[in-house]
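Visitor: Build me a model:
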Amino acid sequence: MTLNQRLKKFRVASGLTQQQVADVLNLDRSTYAYYEAGKTTPDIKSVSKLVKIFNITYYDLVDEPEPCTVVRDGATEEDDIEIMHIYELSKAEKQLVINFRMLSAKQQEDLLFSLSSSALEKRKKARKGQSAEDTEE
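Guide: All right, here's what the predicted structure looks like:
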């Protein structure tokens, strides 16, 4: 399978349109379509972003064997948590995941902390509101 065929396979499997991928890559849709048609090849910066968008390894995308073996910890597939694939997400959720993957590790950590803090505050406010309603009755 060629690079252009893999690009299309991973994009379709992710449930994304060419326009969505092109937007994240800051390209015209036609430029990305040329990648999938095999007319042009993405530069290394775009390949790096594509790997993040599709949540794959570089070796999944290119026709080269992976240099190291993956060692499992002995857990069976039955022990693994059910994984939700990106194509099962809503359009807004897909965009959120794509944007999150484009952040640096530090930016991801900061964003997750901020979201967790915000969610905690909302739960506290909701509990206070519930307590106030309970005392009024």
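Visitor: Now do the buried residues in stretch 49-67.
Guide: 49-51, 53-54, 61 (16 or more other CB atoms under 10 Å). Every C-beta, even on glycine, is put in place using the N, C-alpha and C of the backbone.
Visitor: Looking at it now, give me its mean pLDDT.
Guide: If you average the pLDDT over stretch 49-67, you get 84.
Visitor: Likewise for stretch 20-34?
Guide: In the prediction, stretch 20-34 has an average pLDDT of 94.
Visitor: Would you mind measuring the gap between the ends of that stretch?
Guide: Taking CA to CA, to the nearest Å, the span from the opening residue of stretch 20-34 to its closing residue is 15 Å.
Visitor: For it, give me every contacting residue.
Guide: Taking CB atoms under 8 Å, 6 or more residues apart in numbering as the criterion, the residues outside stretch 20-34 that touch it are 11, 18-19, 40, 42, 46, 49-50, 53, 94-95, 98-99, 102.
Visitor: Weed out the non-buried ones from the residues you listed.
Guide: Among the contacts of stretch 20-34, those scoring as buried are 11, 18, 42, 46, 49-50, 53, 94, 98 (criterion: 16+ other CB under 10 Å).
Visitor: Show only the entries of the buried residues of stretch 49-67 found in strands.
Guide: Taking DSSP state E, every one of the buried residues of stretch 49-67 sits outside strands.
Visitor: re the thing from before, tell me which of the contacts of stretch 20-34 fall in strands.
Guide: Per DSSP E, those never map to strands.
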